[in-house]
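K.L.:
here is a sequence together with a model predicted from it:
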Amino acid sequence: MESVIRLKDIVKNYQVGTQIVRALRKVSLDIFRGEYVAIMGASGSGKSTLMNIIGCLDTPTAGSYQLNGKDVSQLNDDSLAEIRNTEIGFVFQTFNLLPRYSALENVMLPLIYAGVGKARREEVATGHLINVGLQERMEHKPNELSGGQRQRVAVARALVNNPSILLADEPTGNLDSKTSEEIMKLFADIHSKGNTIILVTHEEDIARHAHRIIKLKDGVIEHDYLNPDPIY
């Protein structure tokens, strides 16, 4: 299988006052194309730090990170921003939608940064909104949408550049249980089309949707196993 992500001996230290916090301690990990992986851990386990490094939002103190065969562990901010826009689609707990923009305009944003022409932007963004079931809501602004609909807009935006990885950070954290299940069904559908999904969560029942579960504790991988019975 082809590695999308290859982490080798990743260390991340933070200086907090006079103390050094060792958030990650020589973490090595391969994630393969088409996998559906959940990263779990309690607060302080290192899962958010690991997500930030995988998502090119932060760089490691030591170790190497290869994304699609390219070492991205020591790139500068501009290069990391370019990789984030082309290789990684982000879905956040808080949706991160621009309130004055319609659903369609929010989904088109990454395509603007990528230099795609207006007609093509509208065509591609419309297709992704249809795929997440929001064809009737394209001109609505975020405050005119339910929480589940807002997260669907965020998913469509995350996928609009055809990224290598969909990285979802607590994507159901602000949703009720029924809406959470609808969003997890959407992720299952996205995965079935061949997308690589990395789901960061502290909720066991949400992690059970993934096909592989990685549990962190005190900055190291405590467990890494295939889920014998993923939901859906």
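P.N.:
Cool, got the structure.

K.L.:
need the contact partners of the helix or strand of the chain with the lowest mean pLDDT.
P.N.:
None of the helices or strands of the chain scores lower by mean pLDDT, DSSP states H and E than helix 77-87, at a mean of 89. The set of residues external to helix 77-87 that reach it, using Cβ atoms under 8 Å, 6 or more residues apart in numbering, is 55-57, 59, 67-68, 72, 75, 90, 110, 113-114, 161, 163-165. Yep, even glycine has a C-beta here, placed from its N, CA and C like the rest.

K.L.:
again, only this time at 6 Å
P.N.:
With contact meaning Cβ atoms under 6 Å, 6 or more residues apart in numbering, helix 77-87 is reached by Cys56, Val72, Pro110, Tyr113, Asn161, Pro163, Ser164.

K.L.:
between those, which sits nearest Lys217?
P.N.:
Closest approach to Lys217 among the contacts of helix 77-87 (Cβ to Cβ): Cys56, at 24.4 Å.

K.L.:
ok, the closest one - how many residues close by?
P.N.:
23 (other Cβ atoms under 10 Å).

K.L.:
can you report phi and psi for it?
P.N.:
With angles defined as degrees, to the nearest 10, Cys56 sits at phi 60, psi 30.

K.L.:
ok, it to Gly63 distance?
P.N.:
Separation of Cys56 from Gly63 (Cβ to Cβ, to the nearest Å): 14 Å.

K.L.:
what's the helix or strand for the residue nearest to Ala207 when sequence neighbours are not counted?
P.N.:
Closest residue to Ala207 apart from its sequence neighbours, by Cβ to Cβ, 6 or more residues apart in numbering: Ala38 at 3.8 Å. Using DSSP states H and E, Ala38 sits within strand 36-40.

K.L.:
for Asn174, give its distance to Thr18.
P.N.:
As for Asn174, its distance to Thr18 is 36 Å (criterion: Cβ to Cβ).

K.L.:
ok, back up a step: who does the strand holding Ala38 pair up with?
P.N.:
Under the criterion DSSP bridges, strand 36-40 sits next to strand 196-200 (parallel), strand 212-217 (parallel) in its sheet.

K.L.:
using CSV, lay out the ones you listed together with distance to Ala81.
P.N.:
Listed next are those as CSV, based on distance: least, Cβ to Cβ, whole Å:
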stretch, distance to Ala81
strand 196-200, 19
strand 212-217, 26
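
K.L.:
what residues of the least confident helix or strand of the chain count as buried?
P.N.:
Leu80, Ile83, Arg84, Asn85, Glu87 (16 or more other Cβ atoms under 10 Å).

K.L.:
Asp169: which of those residues is nearest?
P.N.:
Looking across these and measuring by Cβ to Cβ, the closest to Asp169 is Arg84, at 13.4 Å.
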